[in-house]
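[1] predicted coordinates and the sequence they were generated for:
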Amino acid sequence: MPDFSLEKEMQTSGHRLVAGIDEAGRGPLAGPVTAGAVILPEGFYHEWVNDSKKLSESLREKVYEDLIADKEVIWGWGLAEAGEIDQINILQATYLAMARALEALSVRPDAALVDGLPVQGLPVPHRAVIKGDSLSMSIAAASIIAKVERDRLMRAYAIQFPCYGFEQHKGYGTKKHLQGLKQYGPCAIHRKSFAPVAAATGGVQ
């Protein structure tokens with residue numbers, strides 16, 4: 001289970017407020033990439049805060065509601081739309097979403113812990129942590145914020161674009177999604193620079 005060991009290391013080196021940052025949605029063929037940023041209060045405990053991928057959708061939603069209801073939890077989220085992903089590529093768009101999540105916080109942290117590899121353009125010093133969402137409580141909380149916000153967006157898009165099944169697969173390249181792409185072509189939220197989507201348009205982006 002994640003804990004506060006990494007946060008305490010950062011605080012020992014002089015960074016009083018430490019935010020956890022994580023993203024959701026790098027791999028899908030449609031929809032935005034989102035990021036969450038969370039600063040947890042000292043003494044915070046929640047038995048289910050963990051890597052969002054290890055939680056069921058219903059449990060993620062419950063933990064999300066607990067997090068945002070806690071007035072001592074400082075949280076924010078950001079996104080980069082499909083069009084931005086096509087313009088600047090998914091990696092740069094992920095960096096952008098993370099920076100936007102950080103800017104959405106009501107308090108600027110002194111530093112951040114980021115899941116994965118180092119991030120370009122983040123406006124505060126940061127430490128990249130491989131599998132950070134399984135190690136850091138703050139990153140785990142951020143992973144839940146990012147995932148739930150993205151899933152809610154994709155369920156809303158499913159109403160707007162009902163022929164792809166976004167409410168089920170959230171934009172990932174499942175068999176149902178690929179069948180929808182083949183039958184109907186891409187919609188406004190498809191990432192046209194991604195190969196399966198480009199193939200559905202005859203290679204024209």
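    Sure thing, it's come through. Computed from a predicted model, the values in this text were never measured in an experiment.
[2] contacts and neighbour counts: CA atoms only from here.
    Noted.
[3] so where is the protein shaky, pLDDT-wise?
    202-205 (pLDDT under 70).
[4] just give me the neighbour total for the residue nearest to Thr94 when sequence neighbours are not counted.
    Of all residues not flanking Thr94 in the chain, Val33 sits nearest, at 6.3 Å (C-alpha to C-alpha, 6 or more residues apart in numbering). Other residues lying near Val33 total 29 when counted by other C-alpha atoms under 10 Å.
[5] what do you get for the one 10 residues further on?
    By other C-alpha under 10 Å, 6 other residues sit near Gly43.
[6] tell me the SS of it?
    Put simply, Gly43 is coil when judged by DSSP: H, G, I helix; E, B strand; the rest coil.
[7] ranges for the strands of this structure?
    In the chain, the segments counted as strands under DSSP state E are 18-24, 33-39, 74-80, 111-115, 126-129.
[8] among these, which is nearest Ser58?
    Comparing the strands of the chain against Ser58 with C-alpha to C-alpha, the closest turns out to be strand 18-24 (16.8 Å).
[9] okay, angle between the closest one and strand 74-80 too, please.
    On the basis of axes from the mean of the first three to the mean of the last three C-alpha atoms, to 10 degrees, strand 18-24 is oriented at 30 degrees to strand 74-80.
[10] touching strand 18-24 from outside, list them.
    Residues outside strand 18-24 that contact it (C-alpha atoms under 8 Å, 6 or more residues apart in numbering) are 7, 10-11, 33-40, 94, 97-98, 101-102, 109-115, 133, 136-143, 146-147, 150.
[11] narrow the residues you listed to just the buried residues.
    Listed as buried from the contacts of strand 18-24 are 7, 10, 33-40, 94, 97-98, 101-102, 109-115, 133, 136-143, 146-147, 150; burial here means 16 or more other C-alpha atoms under 10 Å.
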